[in-house]
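> The amino acid sequence is not available; the structure is as follows:
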């Protein structure tokens, strides 16, 4: 079993920044991809950013140029640096990991609210 602990969410004004972290622990086998998804009220969950073990990244068009995903393989941790935040970025952000075994895990979610 794998546990994902997310941190870094909160309330920020438009144009501000936040950094999310997600640490994986438990029965860890090598992690393949790590990613962040988000879900706003009344909307489906969507991919925000994803990074492979080798460092290849992909982003949603809506966050490209503003968000940066990174990971520390030694710490089994993934980060999401969010800059120039907009009200439409308000959502619950979820961490997701794919193990090399094919198992997939989700974090509990962290709220990000962008409002003046």
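Structure received. The shown structure was predicted, so the numbers you read here are calculated from the model rather than taken from an experiment.
> residue contacts, the residue nearest in space to the middle of the chain?
Residue closest to the average C-alpha location in the chain (C-alpha atoms, centre = their mean): residue 36, at 2.7 Å. Taking C-beta atoms under 8 Å, 6 or more residues apart in numbering, we find residue 36 in contact with 20, 22, 47-50, 69, 78, 80, 93-96. Placement of C-beta: from N, CA and C, glycine included.
> rerun at 7 Å
20, 48, 49, 69, 80, 93, 95 (C-beta atoms under 7 Å, 6 or more residues apart in numbering).
> give me the element the fourth one is part of.
Using DSSP states H and E, residue 69 falls within strand 67-72.
> Equivalent analysis for the third one, please.
Taking DSSP H and E as the criterion, the element that holds residue 49 is strand 46-51.
> Buried residues in that strand, which are they?
48, 49, 50, 51 (16 or more other C-beta atoms under 10 Å).
> Pick the one among those closest to residue 63.
Ranked by distance to residue 63 (C-beta to C-beta), the buried residues of strand 46-51 are led by residue 48 at 5.8 Å.
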